[in-house]
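S.K.: Following is a predicted model, sequence given first.
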Amino acid sequence: MTFDRYRRRKRVNVLVSALAFLCAAITIIPLLMILGHLLAQGAKAVNLDFFTQLPKPVGEVGGGMANAIVGTLILIGLACLVGLPIGIIGGIYLAEFGNNKTGWLVRFMSDVLNGTPSIVIGIFAYTVVVLPMKRFSALAGGFALGIIMIPTVIRATEELVKLVPTSVREAGLALGIPQWRVILRIVVPSAKAGIVTGVLLAVARIGGETAPLLFTAFGNQFWQRRLDQPIASLPVQIFTYAISPFEDWHRQAWAGALVLVAMILITSVLTRVVTKGQDRSMR
Amino acid sequence: MLTGLAVEKLGACFGQKQVLNGISMTIGPNLVTAIIGPSGCGKSTLIRCLNRLHETVPGARQSGRVLLDGQDISQMDPVQVRRTIGMVFQKPNPFPSMSIYDNVAAGLRLNGVRKRHRLDEYVEKSLRMGALWEEVADRLDKPGISLSGGQQQRLCIARAIAIEPKVLLMDEPCSALDPVSTGKIEELIQELKKALTIVIVTHNMQQAARVSDYTGFLLLGELIEFDETPKLFTNPRDKRTEDYITGRFG
């Protein structure tokens, strides 16, 4: 009798383990398929020209997306200028002084913002930056992406600054160090690795955003010289090329997609490396 | 000048919970004063009131006065109070992002000492006083948290005395340490006493008897007895003190 129960338990155990494994596998399969497909399609079209040349007009074969790669980097840079100061300082506020109604409100709003579709944020940037300036620009694109970054950065910073033990804060205060210096020179550096992780994750997220750029940064077939001019970006370039009717542009779009995914993958891996360093220092 | 503390009718609470009630005592200059008592009797809260760290906890309130050389510390700038009255905590808490050197230099730097040779001088002096110099002299740039628990605690003591406080508060500084490290810290207390006034909270009655000149026995937030250490341990006036030191309760 007991032996029967034991066998039944074993069987259920094997069954549930298998189910868990299956679900895990199913999660990974789409990613692997996307990566595989991208590699197969994109690898053919990626060459040196792709990284160094401007897009060629329709009909001419070849060319590249150099301007879009640089454009994406510029947009990310601009987004960081907007998103990082607000996100990091806001996160520090929430962690250190956010134990009240204001903190609750900021936290709630940032969660709502995090759930706001990025195209809506694009419309917002269009209204407050593009319309007054009367043109599409890199600034407007960076502004939109910066806003998308804020909630991720704010919450990551808050969580990691909160993880710094109270005893460390008290050690600082007990040395006669003013609170603001304790926060800036002792608490925040202790959480630095984690904050960097949050920032990299946010960068990885905005790197692939397309919708908010369509009517802010717009796109550009040439090198952009000024920040108040439309600027090319990989996601928008991919979008434009992918829906075009030209065979050669489709190839380019695949290459662009591969490069974009590679950039984001590298950022994610970088995040892992940084986090590992933190594990060691926090022990 | 020698610096002493006077505590007058000190009360403290967290929210509605009263943890200290009507504590009055005089902490003499260049003496070691020990506070003993069972867990939860308010020992830590008492010494956290002495450097105004108690008030940094949300919901914490306080009544009565603490006088530093006759001056009410609640009227002083808390930063100034804490520069004069240093503290060592129960668990070693070196700054995780800093090296051994920077940990000791932190208080000095953040208080405005900038010159490298002056910092070097202070760091070496403090680590020597903390009886740690020989063990770490060749690896000052290693992280403070790479040291062993006992060494970390001596690092924290060195960090606290680097800014040359007049009074040093020690909140169960040896409770996380092995007997060898404990011995080192007790020797250190005898050494530091020449320059500082020390208040030490301890669970360990033998330790109080070994290191202190005066001892206070705290029970449920009240100071039951406060006397010269030998007297309190050999001839306590209060029955409750006697019960506690003879191990009949607690």
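M.R.: Arrived safely, thanks for sending.
S.K.: now could you export just the CA positions of the helix or strand harbouring B:Q206 as PDB?
M.R.: In this assignment (DSSP states H and E), B:Q206 forms part of helix B:205-211. Presented in PDB, the C-alpha positions along helix B:205-211 are these (Å, rounded to 0.1, in the frame of the first residue of the first chain):
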ATOM      1  CA  MET B 205      28.700  40.900  32.200                       C
ATOM      2  CA  GLN B 206      32.300  39.600  32.500                       C
ATOM      3  CA  GLN B 207      33.200  42.100  29.800                       C
ATOM      4  CA  ALA B 208      31.500  44.900  31.700                       C
ATOM      5  CA  ALA B 209      33.400  43.900  34.900                       C
ATOM      6  CA  ARG B 210      36.700  43.700  33.000                       C
ATOM      7  CA  VAL B 211      36.700  46.900  31.100                       C
END
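S.K.: What parts of chain A come near chain B?
M.R.: A:99, A:164-165, A:167-168, A:170-178, A:181, A:185-186, A:189-190, A:192, A:281-283 (C-beta under 8 Å from any C-beta of the partner chain). C-beta here means a position set from N, CA and C on the backbone, and glycine is covered the same way.
S.K.: Selecting buried members of those in ChimeraX, what would you type?
M.R.: Selection of the buried residues among those in ChimeraX, burial being defined by 16 or more other C-beta atoms under 10 Å in any protein chain shown:
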select /A:164,168,170,171,172,173,174,175,176,177,178,181,185,186,190,282
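S.K.: Where strands are concerned, which of the residues of chain A next to chain B count?
M.R.: Per DSSP state E, strands hold no members of the residues of chain A next to chain B.
S.K.: And the next helix or strand past the helix holding B:Q206?
M.R.: strand B:214-219.
S.K.: residues making contact with the helix or strand that comes right after that next one?
M.R.: Following strand B:214-219 in sequence order, the next helix or strand is strand B:222-228 (DSSP H and E). Contact with strand B:222-228 is made by B:21-25, B:213-218, B:232, B:236-238, B:240-241, as judged by C-beta atoms under 8 Å, 6 or more residues apart in numbering or on different chains.
S.K.: mind checking how far the helix or strand where B:E8 lies is from the chain centre?
M.R.: Assigning secondary structure by DSSP H and E places B:E8 in strand B:5-14. Relative to its parent chain, strand B:5-14 has a centroid offset of 16 Å by C-alpha atoms, centre = their mean, to the nearest Å.
S.K.: Now that strand: buried residues?
M.R.: Judged by neighbour count (16+ other C-beta under 10 Å), strand B:5-14 contains these buried residues: B:5-7, B:10-13.
S.K.: right, and the helix or strand after it?
M.R.: With secondary structure assigned by DSSP H and E, strand B:5-14 is succeeded by strand B:17-27.
S.K.: And the contacts of that following strand?
M.R.: Under C-beta under 8 Å, 6+ apart, the answer for strand B:17-27 is B:4-13, B:33, B:42, B:45-46, B:49, B:64, B:167, B:197, B:199, B:214, B:216, B:218, B:221-223, B:226.
S.K.: show me where pLDDT drops low in chain B?
M.R.: Residue ranges of chain B with pLDDT under 70: B:1-2, B:249-250.
S.K.: tell me which element A:V58 falls in.
M.R.: Taking DSSP H and E as the definition, A:V58 sits outside all helices and strands.
S.K.: burial of the nearest residue to it once chain neighbours are set aside, as a residue count?
M.R.: Distances taken as C-beta to C-beta, 6 or more residues apart in numbering or on different chains place A:F246 nearest to A:V58, at 5.8 Å, with adjacent residues excluded. Neighbour count for A:F246, taken as other C-beta atoms under 10 Å in any protein chain shown: 12.
S.K.: Torsion angles phi and psi at A:F246?
M.R.: phi -100, psi 130 (degrees, to the nearest 10).
S.K.: How many neighbouring residues does residue 88 have?
M.R.: As the question left the chain open, I've gone with chain A. 21.
S.K.: Can you look at chain B instead?
M.R.: 25.
S.K.: Phi first, then psi, for it.
M.R.: phi -120, psi 140.
S.K.: Which residues are in contact with it?
M.R.: B:153, B:156-157, B:160, B:168-171, B:173.
S.K.: Which strand residues bridge it?
M.R.: Note on B:V88: beta-bridge partners by DSSP bridges are B:M170.
S.K.: Equivalent analysis for B:E228, please.
M.R.: Assessed by DSSP bridges, B:E228 has beta-bridge partners B:Y214.
S.K.: What spatial separation is found between it and chain A?
M.R.: 29 Å (C-beta to the nearest C-beta, to the nearest Å).
S.K.: what pLDDT does A:D228 get?
M.R.: Confidence at A:D228, expressed as pLDDT, is 86.
S.K.: Pretty sure it sits against A:M133.
M.R.: Yes. Between A:D228 and A:M133 there is a contact under C-beta atoms under 8 Å: 6.6 Å.
S.K.: who touches both of the two?
M.R.: A:L139.
S.K.: Can you report how many residues neighbour B:D178?
M.R.: B:D178, neighbours per other C-beta under 10 Å, totals 11.
S.K.: which non-adjacent residue is nearest it?
M.R.: B:G150 (6.5 Å).
S.K.: quick one: that neighbour and chain A, what's the gap?
M.R.: B:G150 is 17 Å from chain A, by C-beta to the nearest C-beta.
S.K.: Tell me who's in contact with that residue.
M.R.: With contact set as C-beta under 8 Å, 6+ apart, B:G150 has these partners: B:177-178, B:180-181, B:184-185.
S.K.: Save those as JSON lines, and put in secondary structure and distance to A:G103 too.
M.R.: Below are those laid out as JSON lines (DSSP: H, G, I helix; E, B strand; the rest coil; distance: C-beta to C-beta, whole Å):
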{"residue": "B:L177", "secondary structure": "coil", "distance to A:G103": "38"}
{"residue": "B:D178", "secondary structure": "coil", "distance to A:G103": "42"}
{"residue": "B:V180", "secondary structure": "helix", "distance to A:G103": "46"}
{"residue": "B:S181", "secondary structure": "helix", "distance to A:G103": "41"}
{"residue": "B:K184", "secondary structure": "helix", "distance to A:G103": "44"}
{"residue": "B:I185", "secondary structure": "helix", "distance to A:G103": "40"}
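S.K.: out of these, which are buried?
M.R.: So, by 16+ other C-beta under 10 Å, the buried ones in the contacts of B:G150 are B:177, B:181, B:184-185.
S.K.: what two of the residues you listed have the greatest distance between them?
M.R.: Farthest apart among those by C-beta to C-beta are B:L177 and B:K184. That separation is 8.8 Å.
S.K.: For the one residue in chain A that gets nearest to chain B, give me phi and psi.
M.R.: Across chain A, no residue is closer to chain B than A:G176, which sits at 3.2 Å (C-beta to the nearest C-beta). Torsion angles at A:G176 (phi, psi; degrees, to the nearest 10) stand at phi 80, psi 30.
S.K.: And for it, nearest residue in space, chain neighbours not counted?
M.R.: B:R83 is the one closest to A:G176 (C-beta to C-beta, 6+ apart), at 3.2 Å.
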